[in-house]
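Colleague: give me a 3D structure for the following:
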Amino acid sequence: MPVKESVFTPNSPAPRPFYSQAVKCNGMVYCSGQLAADPKTNELIGGTIQDRTRLVLKNLSAVLEAAGSSIDNVVKVNVFITNMDNFGAVNEVYEEVFTVDPKPCRTCVAVFQLPRGTDVEIECVAALN
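Modeller: Alright, predicted model coming up:
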């Protein structure tokens, strides 16, 4: 049976009691979906979809670093948005963050709704350092 280890950092919003921010297993780290919530207050931020996407990726980066990885080690990303009209705006921020080749594999889907009424959620899988 594989050994699994939960990851937690106060530099990303605290998870609900029924899931982990991330789990390390077999040299990989599997990150739960992140929303654009301020890690200190757990409140969703306003602003533009770009602002929210930046914070989501910053929150994911904090979790990855706490796990012993980094955004540069990401191999798979799943992006969930509530409006495909925001696809280009999310991509603008995504390209600012994922600069190392090869770029991660990615899926982006439009969904009916996301937790807490937000419009973007991102999860990822990365290799450990």
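
Colleague: can we go C-alpha only for contacts and neighbour counts from here?
Modeller: Noted.

Colleague: tell me which stretches of this structure form strands.
Modeller: 4-7, 22-25, 28-34, 74-81, 105-110, 120-127 (DSSP state E).

Colleague: dump the ones you listed to a markdown table, plus mean neighbour count and mean pLDDT.
Modeller: Below are the strands of the chain laid out as a markdown table (neighbours: other CA atoms under 10 Å; pLDDT from 0 to 100):
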| stretch | mean neighbour count | mean pLDDT |
| --- | --- | --- |
| strand 4-7 | 14 | 98 |
| strand 22-25 | 20 | 98 |
| strand 28-34 | 22 | 98 |
| strand 74-81 | 20 | 98 |
| strand 105-110 | 13 | 98 |
| strand 120-127 | 22 | 98 |
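
Colleague: and these: which comes nearest residue 47?
Modeller: With CA to CA, the closest approach to residue 47 among the strands of the chain belongs to strand 120-127: 12.6 Å.

Colleague: ok, and what's touching that closest one?
Modeller: 27-36, 49, 52-53, 56-57, 60, 64, 69-71, 73-82, 114 (CA atoms under 8 Å, 6 or more residues apart in numbering).

Colleague: related to what we said a few turns ago, pipe the strands of the chain into a markdown table and attach distance to residue 44 per row.
Modeller: Formatted as a markdown table, the strands of the chain follow (distance: least, CA to CA, whole Å):
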| stretch | distance to residue 44 |
| --- | --- |
| strand 4-7 | 22 |
| strand 22-25 | 20 |
| strand 28-34 | 11 |
| strand 74-81 | 15 |
| strand 105-110 | 20 |
| strand 120-127 | 11 |
